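1. Starting from these lines, generate the structure:
(chains A and B)
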Amino acid sequence: MTSPARAFDPITLEVLRNALEATAQEMGAVLKLTSFSPNIKERMDASCAVFDAKAQLVAQAEHVPIHLGSMLKAVGPTVAATGKLDPGDVVIVNDPFVGGGHLPDITLIAPVHAGGNLIGYVATRAHHSDVGGMEPGSMPGRSTEVYQEGIIIPPVRLYARGELVGDVMRLIMANVRTATERRGDLNAQLAAIRIGERRLGELAERYGVGVLTEGFDAILDYAERRMRRRIAELPPGTYLAEDCLDDDGSSDEPVLVKLRVDVTRDKLVLDFAGSSPQRRGNINAVAPMTHSASFFAIKVLTDATIPANAGILRPVEIKIPAGSFLDAQPPAAVCAGNTETTQRVADTVLKAFAQLAPNRIPAASQGTMNLIGVGGIDPRNGRPYTYIETIAGGQGGRPGGDGMDGVQCNMTNTMNTPVEALEIAYPLRVERYELREGSGGKGRHRGGHGVVRSLRVIGHEARVSLQSDRRRFPPYGLGGGRDGATGRNSVTDRDGKSTDVPGKVSLSLQSGEIVTVETPGGGGWGAPKE
Amino acid sequence: MRMRIASDVGGTFTDSIAYDPASRRISVSKVPTTPQARELGTIDSLRRTLNELGADGRAVDYVGHGMTTATNAVIQRTGAKTAFVTNRGFRDLLLIGRQDRPSLFDIDVVRTPPLVPRELSYGVGGRMDERGREIEPLDTAALEQAAADMGAQSVEAVAVVFLHAYANPTHERAAKALLERALPGVTVCISTDILREFREFERASTTVLNAFLTPVITRYLGSLSERLVDRENGLGVARDKPIMVMEASGGLMTVESARAKPVHTVLSGPAGGVVAASHFAGLIGADSIITMDIGGTSTDISLIRNGRPETTRSAKIGQTPIRLPVIDINAIGAGGGSIAWIDDGGALRVGPISAEAVPGPACYGHGGTRPTISDANLVLGRLGGETRLGGRMRLDAAAAHAAIETHVARPLGLDVVAAAVGVLRVAHANIVRGIRVVSVERGHDPRGCTLVPFGGAGPMHGTPVARELNMSRVAVPPTPGILCALGQLLSDLRHDLIETHIFRYAAGEGGKAEAIARRLIDAGHRLLEADRVPADKRRVEVRVEARYVGQSYELPIAFAVETPGAWGRLAGDFHTAHRARFGHADPEAPIEIVGFGATAVGKVEAPELPRLREGERTPPGEARLGVRRVFFEGRDPADRGGWAEAQVLAREALLAGNEIEGPAIIEEVSATTVLYPGDRTRVDASGVLLVECSQ
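-> Numbering: from 1, shown residues only, chains lettered A, B, ... in the order given. Reported below is the predicted structural model:
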């Protein structure tokens, strides 16, 4: 246990922690307020954070679990690549292999100086709705290398000493489909960066650089202390778990996540040795994504109120074997690593944790995001459209009660598109959107039910792509609880004949045909009463 | 005599006010709420205030009423047994909602179940498309069957919500007629009567709330009205005098409207205070203010721009959305009763757990042992041993001292005073964080605003919070502890009409929009006419909800349909508003009209409030109660601060023009104002304390 932080006064600690978290929240609020695209503005698929001068994350506004762990490592590799930054510089990066996730996640990072010295960094990461590549939305279902998924931006200065580097902006804008929206969203990220810089500067002025820097350390030590306490309460031992993705979208072979958890009094080690090697399809995840999913599970296991800063990393070690699909290397395709693989990693880590804390961990939730994309020409106005959405499913039965029905689980929490808004905007009709009865696994606390969502194509031919999993291997039950139902995708033709289609697929639908996604139910928790 | 009276029934206290415009005398009262029959406490407390002015119910000309009855019925789920009817294939609409979960990481935090259970949710055949064209006729046989089932289950209310009913309400209206016939005595609410707007879940949620509340609120307002006019056991107010109920929008509605649309009263609890705060802000010429209402368990923050409280249509009660205009109030879990504690990482935390009304802070002497913000204020002399909370409750300084010592000072190795200062510093940090985030979310910069603290505990924390936010002006309204009741004497009648009409904006084609706007204006006038508002006191304002094509959120833009060229200017207004709100605009991009809204306001004859007599710069002798030792922390975090001899003043005796320099404590029945060393205040004739904060 690190003790020097006890010397830092516990009142200023709390006051500073509030001020720094307020800074991250304010950055998030500015980003939400000024952004263009619904994905950031309404779904807040974005994160904002404050780092110290050593690139350690001190405070973040948590909006999506996917960014949770990846932000922890966002600044270090970027700054290592750019070299020393000057006041007014802003670095832009989306290269998944430099502290990132997938290409749509664009990160801006700026240094903050006070009295001529670097005191920290502020950063914001947001999911942009298009960054080029082989398909609109930059989440191609069948990509096999990262180059197909969009423009790759290595860490470069977008602003140098406060001046826009126009060449960089032009290069990016030439490679994306909706340049106006991208520019707007980048400006929103910049506005967030600017308020972060200003607030951090004000704090340095108010408290002095010395106290602020000591405060950073004290806040990290504080989170570390709380994390260590929780780890010390866990029963020491070795716990094993494994789970599978159905396939990688390019072959039928399952993709294995294998995990060994070692708990000692002062350390929690997660070792993914034995997991499948990097794959041809796009389910590969860069290491920060594996970290995000792991930290999600660690938060569920320990205490959701421990601030998610670099301090919580200290007693935790995450080992990912080189060459595995959980530490993707270029030029691997990675776009579904965020959506599907993080879900399975979270499932696997939770499964191991359930052995050491059976009364804290829920059974498996649906374990997929059920991404559906539909595109075509709207016959009502002759304009092309693209509609993308992820669909809720069943949450696993919980130690405290049944799993929730029809809800976003684990690594995502984005809202649906209202049926009326959807039908106004796109030539599609929602025929059904209700619970999938009986899909939740039975148990003392049953798993939540998945949902059925059916879309009919109206008056044109549409391209439909699905990125979903848990169509072969069901969400597991725990402690005698039954598995949840696997999901199912199908197409119904105009004669009412229904045909199953795979979990990851692209196909064409004629007018009047219906695509139906039945999402998985959660696993049951505890043996059901007979 | 034309007495105006109002009461505000909260969870713990019922506040009342009586005002005699002739003599300009005002009287206030605070009594414990009578939860079993809230109208009884209300009548009792109104009678007291009238008696104090030597009057009785027969002299009353106007009754205002604010209530938490609807809010409580939703939170405690004590509304009607309600059924829900929608399209086949969508019966789980309420349950799935927007499919998000309430907590990202805490698996013990789950969605609250809908107000209607799944067994009472029915999907029936019939469908409109997005333009309101019938795709499939309403399946009346299925509806009859559903009605029979509801009857068998003794349902008391039904909410009917069909997809795209905003575009064509025929199916909803047919269903209402059928259900009313099949289920006599049962309340039937259709969504297009409440909110004719697209986005089915929010519309359904609002409609279900209305159905769920109608029987309860009808009963409550019925017995309240009877008591008010009852000469034997009530007040004996004449039957023809208006009784107005506070809405969450900050407007008032007649008792008749409130019975039909009780959903408008949900979350109305804090609205009166904000209305009154904005009234006083107007009197002192402050048009951008931040209100900070500190009660026992929370601090409510709201923003007032250009003299108008900001409203939102994204309010929620718990997790249930209400898609109607509601004053945009954000609650932070820090109030006078918030408990200070040391967490397992060794940091000092304050709230969100509260000592509540029972046992209350340690200093209440009702058995509470955990230290609260109020206890810290007593230890530091902000509250005095002689202070009577609400004019009655004596404070126990020893208990406050012991609580802070045991739970904060000793574990942290501090003396009791340093520990109490720590509690306030942390509480202020929480409140400051809340105000910062709320302001920036709404595009405000606190530095240009005036802070208006109220609620029992607000004025004790005004200037330290303002200083942290670099705000230089604080305005403490009169009777800050009962501001909500006062708001009901100052507000206006209000109706809101909302309709969805989606089409591309074209500057030259205003015919359709003008027709819709005129129809809404007519409807607004008819509603006010039904409220017996004379024509010259009515005002109906129309706005359109507009967005850039492709966006999924809208901005309200005023549309003065009777002004020539209004439609043509709308685009420019939209770009300007978009830039002001979101920091950017695109004058080239096409605009889409999504809906229309109308707000019909009936001017209530607001009384002129008392004005203070003019005095000297120095407060009169009777205002000076003495001095008290009060501890003030330093502005610099490293400056521990020290004790100071603060003058103690009686607010009721202050005169216009009096000037007071801190350190000072200004006491009144409902609240205590604290001035730090260097803070200066001037007493305005309106009764407002205008404070310049030392920086």
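
2. Residue most distant from the centroid, chain B?
-> Largest separation from the mean C-alpha position in chain B: B:Ala141, at 43.7 Å (Cα atoms, centre = their mean).

3. For the chain, which helix extends over the most residues?
-> Defaulting to chain A. helix A:179-207 (DSSP state H).

4. could you do chain B instead?
-> Ordering each helix of chain B by length in residues (DSSP H) puts helix B:200-229 first.

5. could you list every residue that touches B:Ser439?
-> The contact partners of B:Ser439, taken as Cβ atoms under 8 Å, 6 or more residues apart in numbering or on different chains, are B:Ile290, B:Leu303, B:Asp445, B:Pro446, B:Cys449. For every residue, glycine as well, the C-beta is placed using N, CA and C.

6. just checking, which of these belong to strands?
-> Counting by DSSP state E, the part of the contacts of B:Ser439 found in strands is B:Ile290, B:Leu303.

7. Same list (the contacts of B:Ser439) but as a markdown table, adding neighbour count, pLDDT and distance to chain A.
-> Output for the contacts of B:Ser439, formatted as a markdown table (neighbours: other Cβ atoms under 10 Å in any protein chain shown; pLDDT from 0 to 100; distance: Cβ to the nearest Cβ, whole Å):
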| residue | neighbour count | pLDDT | distance to chain A |
| --- | --- | --- | --- |
| B:Ile290 | 23 | 96 | 15 |
| B:Leu303 | 25 | 94 | 13 |
| B:Asp445 | 12 | 88 | 10 |
| B:Pro446 | 22 | 92 | 11 |
| B:Cys449 | 24 | 94 | 16 |
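
8. Now flag whichever of the contacts of B:Ser439 is closest to B:Thr563.
-> B:Leu303 (28.2 Å; Cβ to Cβ).

9. returning to that earlier point: is chain A contacted by the longest helix of chain B?
-> Yes: Helix B:200-229 is in contact with chain A by Cβ under 8 Å from any Cβ of the partner chain, via B:Glu200, B:Phe201, B:Glu202.

10. Show me where the stretch 51-200 of chain B has its strands.
-> Along the stretch 51-200 of chain B, the segments classed as strands by DSSP state E, counting those that start in this stretch run B:60-67, B:82-87, B:121-124, B:127-128, B:134-136, B:157-160, B:187-190.

11. Work out the sheet partners of the helix or strand A:Ser454 falls within and label each with its direction, please.
-> Using DSSP states H and E, A:Ser454 sits in strand A:451-457. Partner strands and pairing direction for strand A:451-457 (DSSP bridges) are strand A:428-435 (antiparallel), strand A:514-518 (antiparallel).

12. Check which helix or strand A:Gly521 maps to.
-> Counting by DSSP H and E, A:Gly521 is part of no helix or strand.

13. Show the pLDDT at it.
-> We have a pLDDT of 98 for A:Gly521.

14. Quickly note the distance from the residue most central in space within chain A to B:Ala355.
-> Chain A has A:Ile66 as the residue nearest its centroid, 1.8 Å off, counting by Cα atoms, centre = their mean. Here A:Ile66 is placed at a distance of 39 Å from B:Ala355 (Cβ to Cβ, to the nearest Å).

15. what does B:Ala152 give?
-> Distance of B:Ala152 to B:Ala355, computed by Cβ to Cβ: 47 Å.

16. Run a quick neighbour tally on residue 367.
-> Picking chain A for this. Residues near A:Gly367, counting by other Cβ atoms under 10 Å in any protein chain shown, number 33.

17. The intended chain is chain B.
-> B:Gly367: 10 neighbours (other Cβ under 10 Å).

18. Give the full set of residues in contact with B:Asp544.
-> Actually, residue B:544 is Val. It isn't Asp. Neighbour list for B:Val544: B:Ala513, B:Pro556, B:Ile557, B:Phe559, B:Leu570, B:Ile593, B:Val594, B:Gly595, B:Phe596, B:Gly597 [criterion: Cβ under 8 Å, 6+ apart].

19. Test of understanding: give the bridge partners of the second one.
-> For B:Pro556, the beta-bridge assignment (DSSP bridges) gives partners B:Glu545.

20. What sits closest to residue 200 if chain neighbours are left out?
-> No chain specified, so I'll use chain A. Among residues not flanking A:Leu200 along the chain, A:Val112 sits closest, at 4.5 Å (Cβ to Cβ, 6 or more residues apart in numbering or on different chains).

21. oops, I was thinking of chain B
-> That would be A:Glu420: by Cβ to Cβ, 6+ apart, it lies 5.2 Å from B:Glu200.
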